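Colleague: Compute the structure for the input listed below.
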Amino acid sequence: MRAAILALVVLAPMTAPGSAADYAAGSPPASSNLPVCDNPSVLSSVIERQHWAEANTWRDGKRIEALADIRQVYNTTRFASMIEHRHCTGKADLGDGRSGRVYWVISASSGFAGVGYGVEVCMPGQDYWYVWGAACRSLR
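Modeller: Predicted coordinates:
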């Protein structure tokens, strides 16, 4: 009798439909708590992070003045992951007639102490230490 109960307890979860098996890499979760790419708070974070990096590391005079042509590249990761990511791109107006692409990723549960979301930013040509790979490849 104990063997039958033990077998039932062990095998029962294996026969129940599982959501993890249905998870397809690259497809967005059923519900998302992440803000969209053109959310004002996200855009503010993108500009603030780039301004901080320019003032404290690069000092090459390239500062984002405005963002346009904003779009989502893809949602979640290219590989199976339980942390949702939203990869975005936009055209950065750098002032004095210059412009360039900027890439950012919004990651769930990566805010302060794992609460909220976090934003990471990269502009090709300004990642001198290749933190995000050549031409910001990791954020594309």
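Colleague: Just give the closest residue to Ile83, not the sequence neighbours.
Modeller: Spatial nearest neighbour of Ile83, excluding adjacent residues (Cβ to Cβ, 6 or more residues apart in numbering): Ala108 at 5.7 Å. C-beta coordinates here come from the backbone N, C-alpha and C atoms, glycine included.
Colleague: so how far is Cys88 from that neighbour?
Modeller: 14 Å (Cβ to Cβ, to the nearest Å).
Colleague: neighbour count winner among these two?
Modeller: For Ala108 versus Cys88, neighbours defined as other Cβ atoms under 10 Å are more numerous around Cys88 (27 against 20).
Colleague: Check what contacts stretch 116-125 and list those residues.
Modeller: Where contact means Cβ atoms under 8 Å, 6 or more residues apart in numbering, the residues beyond stretch 116-125 that reach it are 33-35, 42, 45-46, 49-50, 53, 62, 92, 100-111, 131-132, 135-136, 138-139.
Colleague: Go ahead and build a PyMOL selection from the buried members of those.
Modeller: The buried residues among the contacts of stretch 116-125 can be selected in PyMOL (16 or more other Cβ atoms under 10 Å) with this line:
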select buried, resi 34+35+42+45+46+49+50+53+62+92+101+102+103+104+105+106+107+108+110+132+135+136+138+139
